[in-house]
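Novice: 3D, please:
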Amino acid sequence: MGNKRLRVPSAELRQILADNIRAYRKSKDISQERFAEMCSLHRTYVGSLERGERNATLSTLEILAAALGTDVPKLLTRKAFEDGD
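Specialist: Numbers count the residues shown, from 1 in each chain. Coordinates of the predicted model:
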């Protein structure tokens, strides 16, 4: 049991989340710093999410979605923003 590896989401899913966070944030003309403040998160963490470098917990996804006026499934759907949200 000593060789357990952490499970991480695929790079593709992290990129979908990253693209959607950035698209929704920019559509609302919110700076990355202001968005981080709205979510009570550090700006560098938000930046790393938008670059697809970090994983987000379910509770963080809920906070991000609420701040962007959308829901968690849309944040995890490819090109959800372009689909008319």
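Novice: I'd like the distance from whichever strand or helix holds L49 to the chain centre, please.
Specialist: Using DSSP states H and E, L49 falls within helix 43-50. Here the centre of helix 43-50 is set off from its chain's centre by 9 Å, with C-alpha atoms, centre = their mean, to the nearest Å.
Novice: With stretch 8-23 instead?
Specialist: 7 Å.
Novice: Which helix runs longest in this protein?
Specialist: helix 11-27 (DSSP state H).
Novice: Following element in sequence after it, please.
Specialist: helix 32-39.
Novice: quick check: mean pLDDT across that next one?
Specialist: The pLDDT scores in helix 32-39 average 98.
Novice: In terms of secondary structure, what does the helix or strand hosting S59 contact?
Specialist: Per DSSP H and E, S59 falls inside helix 58-68. Counting contacts by 3 or more C-beta pairs under 8 Å, 6 or more residues apart in numbering; DSSP states H and E, helix 58-68 packs against helix 11-27, helix 32-39, helix 72-75. Yep, even glycine has a C-beta here, placed from its N, CA and C like the rest.
Novice: at 10 Å what do you get?
Specialist: For helix 58-68, the packing partners by 3 or more C-beta pairs under 10 Å, 6 or more residues apart in numbering; DSSP states H and E come out as helix 11-27, helix 32-39, helix 43-50, helix 72-75.
Novice: T77 versus D71, what's the distance?
Specialist: D71 sits 10 Å away from T77, taking C-beta to C-beta, to the nearest Å as the criterion.
Novice: One more: T60?
Specialist: 17 Å.
Novice: ditto for R7
Specialist: Distance from R7 to T77, by C-beta to C-beta: 21 Å.
Novice: These two: which is more packed in?
Specialist: For R7 and T77, the more surrounded residue by other C-beta atoms under 10 Å is T77, and the numbers stand at 16 against 6.
Novice: Is it correct that that one is in contact with I16?
Specialist: Yes - shown here, T77 and I16 form a contact pair, counting by C-beta atoms under 10 Å, at 7.1 Å.
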